[in-house]
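In: coords below, sequence missing:
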């Protein structure tokens, strides 16, 4: 025995259960995602590269710890 639902009911259920999409920044141009890093001053670029490397070094860990401390240390070293 199969149930037949009218189209209106199916559409209403679909709207209720569907995942809602964010309307924030729908027209984002992702053609050049590296642009903010490339156009940043040398000091900022160095901080970004070192932070990215620190995060990559922690990826293998099941529970990465102390990344905030590492980032704070990198920023302090670069500011001095």
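Out: Here it is on my side, so go on. These numbers were taken from a predicted model, which means no experiment stands behind them.
In: residue ranges with poor pLDDT in the protein?
Out: Applying pLDDT under 70 to the chain flags residues 1-26, 28-30.
In: pull the longest helix from it.
Out: Using DSSP state H, we find that the single longest helix of the chain is helix 42-58.
In: after that one, next one along is what?
Out: Next along the chain after helix 42-58, taking DSSP states H and E as the criterion, comes helix 67-79.
In: Which strands and helices lie in contact with that next one?
Out: Other helices and strands packing on helix 67-79, by 3 or more CB pairs under 8 Å, 6 or more residues apart in numbering; DSSP states H and E, are helix 42-58. Placement of C-beta: from N, CA and C, glycine included.
In: Would you mark the buried spots in the helix it packs on?
Out: 47, 50-51, 54 (16 or more other CB atoms under 10 Å).
In: For it, which outside residues touch it?
Out: 37-38, 40, 64, 67, 70-71, 74-75, 78 (CB atoms under 8 Å, 6 or more residues apart in numbering).
In: Is there a quick PyMOL command that grabs whichever of these are buried?
Out: Remark: buried members of these, expressed as a PyMOL selection using 16+ other CB under 10 Å:
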select buried, resi 70+74
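In: Now distance to residue 58 too, for the contacts of helix 42-58, in a markdown table please.
Out: Formatted as a markdown table, those follow (distance: CB to CB, whole Å):
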| residue | distance to residue 58 |
| --- | --- |
| 37 | 20 |
| 38 | 25 |
| 40 | 23 |
| 64 | 4 |
| 67 | 5 |
| 70 | 8 |
| 71 | 11 |
| 74 | 13 |
| 75 | 17 |
| 78 | 19 |
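In: Many thanks, we can stop here.
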